[in-house]
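Participant: need a structure here:
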Amino acid sequence: MKRRGFALYITLYKRLIDTLDMEPKSTMDMVLIPNMDTIDIVLGSSEKGNVVPSAKPRKKTMTSVYLKYFETAPDGKTRRCKFCGQSYSIATATGNLGRHLSNRHPGYDKTGENVTSSAPQPSATPTVIKKPQQQGRAPQVDYDHLNWLLIKWLILATLPPSTLEEKWLANSFKFLNPSIQLWPGEKYKAVFREVFRSMREDVRASLEQVSSKVSIALDFWTSYEQIFYMSITCQWIDENWSFRKVLLDICQVPYPCTGSEIYNSLVKVLKMYNIENKVLSCTHDNSQNAIHACHALKEDLDGQKMGPFCFIPCAARTLSLIIDDALRTTKPIIAKVREFVQELNASLDISEDFIQLATAYKEGSWQFPLDASARWSGSYQMLDLVQKAGKSMDVVVRKNEEMLGNRMLLNTAEKNVVNIVHNYLEPFYKVISEICVNTPPTIGMVIVYMDHISDTITTRQPPDWLKNPAEDMAKKLRSYNNQVCNIFIYMTAILDPRIKCELIPESLNSENYLEEARAHFVRNYYTTPFSSMTSGYSSQDIEDGGAVSFAEEIARKKRRASMSNATDELTQYLSESPAPTKTDVLEWWKVNSTRYPRLSAMARDFLAVQATSVKPDELFWSKGDEIDKQRFCMPHDSTQAILCIKSWTQGGLKLKYKSTEIDYERLMEMAAAAAADISSAGIDKKQK
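Facilitator: Next comes the predicted model:
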């Protein structure tokens, strides 16, 4: 009976091993988590992980060929499989070790001597061909599928490949399935580098098809490694009158990160994408080094006669600096309120108490968690809370004095300061909200908003304690206006059908600008259908009265007629009333481009000029905290590839490895189907 029971136990053991036999083949069904209900897995435990029945060890020297695939623990009590990490007692027979290798790792004898890194090499694409499952065996997994899904996760979460090398994350995978094999970190990095190169070629190809001028924007930050980075984005308007925006590169600016280094890095990227002759404008982050780099680029482009080029400061960063001046005197008060809000967010009881009190006192409806960030959105909410729900705040603090203390209570003078600053900054709040919602805001409308802020600062009479900050605010705003007061920004503004000449701010409405704009339009945007009839004579020869044929005289007459028609387009456009402020600018031009064929070409160029170097909502709202954290924490060997690939995929480009797109939708469909099969199989087993 004992021998019969032992044989039955061995049979059951073999069946369990068969269920864990998950050979990685590229044509197998993709199943991320196979059915493991039949056995408990505890990593690193020889008692629970080893299901071989206890037996006396054979008295022979352990020189089996299987031993080279196992490593002995320092304590000499267990052996660990080099492939999957399964532990066995040191007394386990080599035959059992061989059965483990045969059932769990078929083909192990073909791996060679080096089995310390057993993860499969990344293939060009994860195979998605389905193969019928063999009866009586568990669904099998293609480890390339799993690793490609992990790559997508790293991209979306903005995490470096080293994340997957974390011990306990790997142990979590092993707990679900001890035979799961992740690529080593270096292989992930190699895949990311290749994906980056492949997708960059697609970006380059798309830019080659752009027929209009493009606008670029520069943004800068420093990582935890004290590496100075510059992001370069490109924006244009396509033939269908849609804004197109793409990240060109994330590049390291060499030390000492001066204007010269920024200029050299920028030119390198523009030449790589072959767009240096298409750039119309550059929006920078207001730093002096960026200004010097843009000035050098303008001199370079002017010297090569590449066409007009201008550079302007970021309106959003200018507003942010102005607001910092306004909040300067109230920062200690805002810090108190922020501490109170953090306590509200952390305690459900206190927040519910506050909501009930605010309702009873008719002090508004508040949604938790409140924004307690140090950005503009959070700071303004602190002011808003004191002004609108000051009574509820006081009652909650006094009611929870033992936990909160009385340091968060505001006296009458502090509340008065908050009310004054809140009212003073209300126009700023409205402007910033408009800029963040209307994405991307045209430079013309942003100029109108900035003019409104200028009026707010100059016409209001602040109290004495706010006069010095107000003077600093006005100084920064004058600096911005001086930098954007040029013919290119003027042309961009009047080509916004909501603005034209009627809403142009006085600071930008120079008497000569309109005539200069008209001359630029005629010089660069009128075309003649007879340009091929010059018979080798240049336009300069004709204008100088050189000897020409009778046909050339006719062509010259036609050119003059075209010039007159082109001028009439601008005159007719400006003579009409501005469109309503809610008008979609690009939709307006799409509809009216047949009326103004030449002027619409100019509008496509100039309306792409970016008003900000960074998305306004990322600068002013709390979502920018997460972006800053990701940038700061990203290691140098992953920053360029991860951030660029993420931006490109979010912009609609397919993730590509070499010349093949990775079909993630298909992979996810297969994963869902496989998970359903596993779930169904588990239900059937329980019913049986």
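Participant: quick one: distance of stretch 95-108 to the chain centre.
Facilitator: Relative to the chain's own centre, stretch 95-108 is displaced by 46 Å; criterion: C-alpha atoms, centre = their mean, to the nearest Å.
Participant: quick check: buried residues in that stretch?
Facilitator: For stretch 95-108, the buried set under the neighbour-count rule, 16 or more other C-beta atoms under 10 Å, comprises Asn96, Leu97, Gly98, Arg99, His100, Leu101, Asn103, Arg104, His105, Tyr108. Where you see a C-beta, it was placed from the backbone N, CA and C, and this is true even at glycine.
Participant: okay, and which of those residues map to helices?
Facilitator: Under the assignment DSSP state H, those contribute Asn96, Leu97, Gly98, Arg99, His100, Leu101, Asn103, Arg104 to helices.
Participant: CSV please, covering those and showing distance to Asp617 and pLDDT.
Facilitator: Listed next are those as CSV, based on distance: C-beta to C-beta, whole Å; pLDDT from 0 to 100:
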residue, distance to Asp617, pLDDT
Asn96, 61, 78
Leu97, 59, 81
Gly98, 62, 80
Arg99, 60, 78
His100, 56, 80
Leu101, 56, 79
Asn103, 55, 70
Arg104, 51, 71
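Participant: reformat the residues you listed as a markdown table; add distance to Met445.
Facilitator: Formatted as a markdown table, these follow (distance: C-beta to C-beta, whole Å):
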| residue | distance to Met445 |
| --- | --- |
| Asn96 | 76 |
| Leu97 | 74 |
| Gly98 | 75 |
| Arg99 | 74 |
| His100 | 70 |
| Leu101 | 70 |
| Asn103 | 69 |
| Arg104 | 65 |
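Participant: quick one, phi/psi of Cys251?
Facilitator: The phi/psi pair for Cys251 (degrees, to the nearest 10) reads phi -120, psi 150.
Participant: count the residues that sit near it.
Facilitator: Cys251: 19 surrounding residues under other C-beta atoms under 10 Å.
Participant: before we move on, what about Phe70?
Facilitator: Count around Phe70 with other C-beta under 10 Å applied: 22.
Participant: from the ones in helices among the buried residues of stretch 95-108, which is closest to Asp584?
Facilitator: Distance to Asp584 across those (C-beta to C-beta) is lowest for Arg104, with 61.6 Å.
Participant: care to break this protein down by domain?
Facilitator: 207-313+635-654, 320-452 (the TED database).
Participant: how about these, which one is nearest Arg595?
Facilitator: Among the domains of the chain, domain 207-313+635-654 comes nearest to Arg595, with 14.0 Å by C-beta to C-beta.
Participant: please work out the average pLDDT along the closest one.
Facilitator: For domain 207-313+635-654, the mean per-residue pLDDT is 95.
Participant: helix or strand: which one has Val203?
Facilitator: Using DSSP states H and E, Val203 sits in helix 185-208.
Participant: now that helix: buried residues?
Facilitator: The neighbour-count check on helix 185-208 (16+ other C-beta under 10 Å) flags 185, 187-189, 191-192, 194-196, 198-200, 203, 207 as buried.
Participant: list the helices and strands it packs on?
Facilitator: Packing partners of helix 185-208 (3 or more C-beta pairs under 8 Å, 6 or more residues apart in numbering; DSSP states H and E): helix 143-157, strand 243-252, helix 636-650, strand 656-657.
Participant: just the C-alphas of that helix, formatted as CSV.
Facilitator: In CSV, the C-alpha atoms belonging to helix 185-208 read as follows (Å, rounded to 0.1, in the frame of the first residue of the first chain):
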residue,chain,number,x,y,z
GLY,A,185,17.7,46.2,-18.2
GLU,A,186,20.3,46.6,-20.9
LYS,A,187,18.0,44.9,-23.4
TYR,A,188,15.2,47.2,-22.6
LYS,A,189,17.5,50.2,-23.1
ALA,A,190,18.6,48.8,-26.5
VAL,A,191,15.0,48.4,-27.6
PHE,A,192,14.1,51.9,-26.5
ARG,A,193,17.1,53.3,-28.4
GLU,A,194,16.0,51.5,-31.6
VAL,A,195,12.4,52.5,-31.1
PHE,A,196,13.5,56.1,-30.7
ARG,A,197,15.6,56.0,-33.9
SER,A,198,12.8,54.4,-35.9
MET,A,199,10.1,56.8,-34.7
ARG,A,200,12.4,59.8,-35.2
GLU,A,201,12.7,58.9,-38.9
ASP,A,202,8.9,59.0,-39.1
VAL,A,203,8.9,62.5,-37.6
ARG,A,204,11.6,63.6,-40.0
ALA,A,205,9.5,62.2,-42.9
SER,A,206,6.4,64.0,-41.8
LEU,A,207,8.3,67.3,-41.5
GLU,A,208,9.6,66.9,-45.0
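Participant: tell me how far that helix is from the chain's mean position?
Facilitator: 16 Å.
Participant: what does the following helix or strand past that helix rub up against?
Facilitator: Remark: after helix 185-208, the chain's next helix or strand is strand 214-222, criterion DSSP H and E. With contact meaning C-beta atoms under 8 Å, 6 or more residues apart in numbering, strand 214-222 is reached by 207, 228-236, 248, 253, 262, 266, 270, 275, 278-285, 287, 290, 293, 314, 608-610, 612-614, 628, 631-632.
Participant: so which of these sit within helices?
Facilitator: Leu207, Ile262, Leu266, Leu270, Ala290, Ala293, Asp628, Arg631, Phe632.
Participant: distance to Pro427 added to those residues, as a markdown table?
Facilitator: Shown next, in a markdown table, are the ones in helices among the contacts of strand 214-222 (distance: C-beta to C-beta, whole Å):
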| residue | distance to Pro427 |
| --- | --- |
| Leu207 | 39 |
| Ile262 | 34 |
| Leu266 | 36 |
| Leu270 | 38 |
| Ala290 | 28 |
| Ala293 | 33 |
| Asp628 | 27 |
| Arg631 | 31 |
| Phe632 | 33 |
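Participant: just the buried ones from these?
Facilitator: Leu207, Ile262, Leu266, Leu270, Ala290, Ala293, Arg631.
Participant: return the closest of those residues with respect to Asn345.
Facilitator: For those, the nearest to Asn345 is Arg631 (25.2 Å; C-beta to C-beta).
Participant: and the buried residues of helix 185-208 as JSON lines, adding distance to Val386?
Facilitator: Below are the buried residues of helix 185-208 laid out as JSON lines (distance: C-beta to C-beta, whole Å):
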{"residue": "Gly185", "distance to Val386": "50"}
{"residue": "Lys187", "distance to Val386": "55"}
{"residue": "Tyr188", "distance to Val386": "49"}
{"residue": "Lys189", "distance to Val386": "50"}
{"residue": "Val191", "distance to Val386": "52"}
{"residue": "Phe192", "distance to Val386": "48"}
{"residue": "Glu194", "distance to Val386": "54"}
{"residue": "Val195", "distance to Val386": "50"}
{"residue": "Phe196", "distance to Val386": "48"}
{"residue": "Ser198", "distance to Val386": "53"}
{"residue": "Met199", "distance to Val386": "49"}
{"residue": "Arg200", "distance to Val386": "50"}
{"residue": "Val203", "distance to Val386": "48"}
{"residue": "Leu207", "distance to Val386": "50"}
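Participant: and which of these is nearest Lys475?
Facilitator: Closest to Lys475, out of all of the buried residues of helix 185-208 and judged by C-beta to C-beta, is Leu207, at 39.1 Å.
Participant: tell me the contacts of the closest one?
Facilitator: Applying C-beta under 8 Å, 6+ apart to Leu207 gives the contacts Val214, Cys234, Val246, Tyr273, Asn274, Ile275.
Participant: what's the burial count for the fourth one?
Facilitator: Tyr273 has 20 neighbouring residues, counting by other C-beta under 10 Å.
Participant: now do the contacts for it.
Facilitator: Val203, Arg204, Leu207, Cys234, Leu248.
Participant: and the two most separated of those?
Facilitator: Among these, Arg204 and Cys234 lie farthest apart (C-beta to C-beta), at 11.2 Å.
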